[in-house]
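In: any chance you could fold what I've pasted below:
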Amino acid sequence: MKATFKVPKTGKGWACFALILFTIALGGWPVIPLINNETLVLGMPIIMVWSIFIIFFTTLVMTFIDKIGGAD
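Out: From the prediction side, this is the model:
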């Protein structure tokens, strides 16, 4: 079976793709060292708060993409 990658064909599709890449970048290794310190937010280490934020942000982005019609 040949594996292929389909690129978006519309502007809306490219915007959705960019949002997904942005979300992945927020949770990736270049961002983590910036917030990996001993600061407490609401009694939790800031890296734990960041992880919870990423979960909610990912859900928000996927809901937004679904609302605008996704990448048709």
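In: what is the mean pLDDT for the longest helix seen in the chain?
Out: Looking across the chain with DSSP state H, the single longest helix is helix 46-68. The average pLDDT within helix 46-68 is 92.
In: and if you look at stretch 9-18?
Out: For stretch 9-18, the per-residue pLDDT averages 90.
In: which SSE is the residue nearest to the spatial centre of the chain in?
Out: Centroid-nearest residue in the chain, with Cα atoms, centre = their mean: residue 23, separated by 1.7 Å. For residue 23, the enclosing helix or strand under DSSP states H and E is helix 11-26.
In: in that helix, what's buried?
Out: Buried positions in helix 11-26, judged by neighbour count with 16 or more other Cβ atoms under 10 Å: 13, 16, 19, 23, 26. From N, CA and C alone the C-beta is placed, and that goes for glycine too.
In: counting contacts, what elements does the helix or strand just after it pack onto?
Out: Later in the chain than helix 11-26, the nearest helix or strand by DSSP H and E is helix 32-35. Helices and strands touching helix 32-35, by 3 or more Cβ pairs under 8 Å, 6 or more residues apart in numbering; DSSP states H and E, are helix 46-68.
In: if we can go back for a sec, how close does the residue nearest to the centre of the chain sit to residue 46?
Out: Taking Cβ to Cβ, to the nearest Å as the measure, residue 23 falls 19 Å from residue 46.
In: thank you, goodbye.
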